[in-house]
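J.: when you get a sec, could you give me coordinates for this:
(one chain, ligands or ions: 1)
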Amino acid sequence: MKFTETALAGAFIIDVDRLSDERGFFARSWCEDEFAAHGIAMPPQQANLSFNPRRGTLRGMHYQLPPYEETKLVRCTRGAILDVIVDLREESPTFGKWIGVELNANNYRMLFVPGRFAHGFLTLEDNTDVCYQVSAKYTPGAERGLRWDDPAIGIRWPFQPLLISAKDQAHPDFQGLAVPMVM
Ligand SMILES: Cc1cn([C@H]2C[C@H](O)[C@@H](COP(=O)(O)OP(=O)(O)O[C@H]3O[C@@H](C)C(=O)[C@@H](O)[C@H]3O)O2)c(=O)[nH]c1=O
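T.: Residues are numbered from 1 along each chain as shown. Modelled structure (predicted):
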């Protein structure tokens, strides 16, 4: 796998190495040793599948508070998404900054999301499937959200989302709220 660290330290774009033959290709999409070599310890606790029939569906921006913070390894197996993360680590020089990466069924690209980052995505096509591994168990009491259009963060979505859950529309303003390492 090829790991490219993004402008947000600890967040990686990961491209698979294709071993091709007449049948197609084989590629690893996760490997404990290769991830460890990039300082990523990510024992998956859960794997999630998100089906989105409509282009313009936005889910996010989600995170869990310590000690239930989650790292995520995200990919899109059908259709396409703009996957977006926001650095909420209080000690980070890029605190409050965001990046967006297109993940689609053709590029086989993955995004590794560190803990204490808010995460969300916008579907760019109808019938989009997103698959992601998560390092911690879903803990509803520790769940938090950041509003997708919070001006303090200023995420530049490529177009106006068409479908967002009531829960995601009701997330509070960011208000400079950092997530500490330990709560
Ligand atoms: C995330 C999650 C939800 N649920 C339930 C709660 C609810 O009834 C239903 C839908 O939940 P949500 O509306 O939170 O689903 P969704 O908006 O798709 O939430 C996901 O969004 C993306 C962007 C992420 O980063 C994920 O970590 C997760 O937060 O599924 C679980 O049972 N386990 C889980 O791990």
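
J.: shouldn't Glu102 be in contact with Gly79?
T.: No - counting by Cβ atoms under 8 Å, Glu102 does not reach Gly79; the two are 11.2 Å apart. Every residue, glycine included, has its C-beta placed from N, CA and C.

J.: so between these two, which is more surrounded?
T.: Neighbour totals were compared for Glu102 and Gly79, and Gly79 leads with 20 against 14 (other Cβ atoms under 10 Å).

J.: contacts only, for the more buried one.
T.: By Cβ atoms under 8 Å, 6 or more residues apart in numbering, Gly79 lies in contact with 52, 104-105, 123-129.

J.: show me which of those is closest to the ligand.
T.: Nearest to the ligand among those: Asn52, at 8.8 Å, using Cβ to the nearest ligand atom.

J.: OK, contacts around the residue nearest in space to the middle of the chain?
T.: The residue lying closest to the centre of the chain (Cα atoms, centre = their mean) is His119, at 4.6 Å. By Cβ under 8 Å, 6+ apart, His119 lies in contact with 60-63, 72, 74, 83-86, 113.

J.: try 10 Å
T.: By Cβ atoms under 10 Å, 6 or more residues apart in numbering, the contact list for His119 reads 11, 59-63, 70-72, 74, 83-86, 111, 113, 132, 134, 146.

J.: and the ligand, which of those residues contact it?
T.: Counting by Cβ under 6 Å from any ligand atom, 59-60, 62 from those sit close to the ligand.

J.: so which of those sit within strands?
T.: Judged by DSSP state E, the subset of these located in strands is 59-60, 62.

J.: ok, these vs Ala7, which is closest?
T.: Comparing these against Ala7 with Cβ to Cβ picks out Gly60 as the nearest, at 19.0 Å.

J.: now the strands for this protein?
T.: For the chain, the strands defined by DSSP E occupy 2-5, 12-15, 19-21, 24-26, 46-52, 57-64, 72-78, 80-87, 98-104, 110-113, 117-123, 128-134, 143-145, 163-164.

J.: adding distance to Val182 and mean pLDDT, write those out as CSV.
T.: Below are the strands of the chain laid out as CSV (distance: least, Cβ to Cβ, whole Å; pLDDT from 0 to 100):
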stretch, distance to Val182, mean pLDDT
strand 2-5, 25, 98
strand 12-15, 24, 98
strand 19-21, 42, 98
strand 24-26, 41, 98
strand 46-52, 22, 98
strand 57-64, 14, 98
strand 72-78, 20, 98
strand 80-87, 18, 98
strand 98-104, 24, 98
strand 110-113, 20, 98
strand 117-123, 17, 98
strand 128-134, 20, 98
strand 143-145, 16, 96
strand 163-164, 32, 98
